[in-house]
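Colleague: no sequence on this one, just coordinates:
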């Protein structure tokens, strides 16, 4: 089974200059684990994923213990860290070296890449364009289809 057999072909993307809050909202609305970051010509320049929001020490932003998202989006105004974070754009937080596979990569090759990089999804490329995303959900869905077929035989 190949990437093109299991990949998600309808997915949201985001521009590098978009505000972080837009990326958070898009992740929540779509249920995606990450968003391909595309430049003006549609080329993949990065990925912003759930994990990119969890640890921001390198940006000098230290989330409080516990409910970090609730704290970040709270209605209390004037917090320096929160204002600084709101000013950030996607390109300040995204992973600029996304893990990608060719559309003809096998499921085994995809799993190896995910394990090697400790990630939950890979971008699928045709030439240099993102044509899909394969995440754990797509792999589990493919496994279910295979098991269902073998159960019926």
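Modeller: Arrived safely. Note that the structure is predicted; figures quoted are calculated from it, not measured.
Colleague: ok now do the residue nearest in space to the middle of the chain, which residues does it touch?
Modeller: Nearest to the geometric centre of the chain sits residue 34, at 1.4 Å (Cα atoms, centre = their mean). Neighbour list for residue 34: 27, 47-50, 52, 120-121, 133 [criterion: Cβ atoms under 8 Å, 6 or more residues apart in numbering]. (Each C-beta comes from the backbone N, C-alpha and C, glycine too.)
Colleague: list the buried ones in the longest helix anywhere in the chain?
Modeller: Determined from DSSP state H, the single longest helix within the chain is helix 136-152. For helix 136-152, the neighbour count (16 or more other Cβ atoms under 10 Å) marks 137-139, 142 as buried.
Colleague: I'd like the mean pLDDT over it, please.
Modeller: On average, the pLDDT along helix 136-152 is 89.
Colleague: quick one: list the elements packing against it.
Modeller: The elements that helix 136-152 packs onto, with contact taken as 3 or more Cβ pairs under 8 Å, 6 or more residues apart in numbering; DSSP states H and E, are helix 3-6, helix 107-117.
Colleague: looking at those helices, which is closest to residue 22?
Modeller: Closest of the helices and strands packed on helix 136-152 to residue 22 is helix 107-117, at 25.5 Å (criterion: Cβ to Cβ).
Colleague: what sits up against that closest one?
Modeller: So helix 107-117 is contacted by 1-3, 6, 99, 101, 105, 119-122, 134, 136, 139, 142 (Cβ under 8 Å, 6+ apart).
Colleague: just the buried residues of the first helix or strand past that helix going along the chain, please?
Modeller: Downstream of helix 107-117, the next assigned helix or strand under DSSP states H and E is strand 121-126. Judged by neighbour count (16+ other Cβ under 10 Å), strand 121-126 contains these buried residues: 121-125.
Colleague: now swap in stretch 19-35 and tell me
Modeller: 20, 23-24, 26-27, 32-35.
Colleague: the residues you listed: which two are farthest apart?
Modeller: 20 and 33 (16.4 Å).
Colleague: deepest of the helices and strands packed on helix 136-152, which one?
Modeller: Comparing the helices and strands packed on helix 136-152 by mean neighbour count (mean count of other Cβ atoms under 10 Å), helix 3-6 ranks first with a mean of 19.
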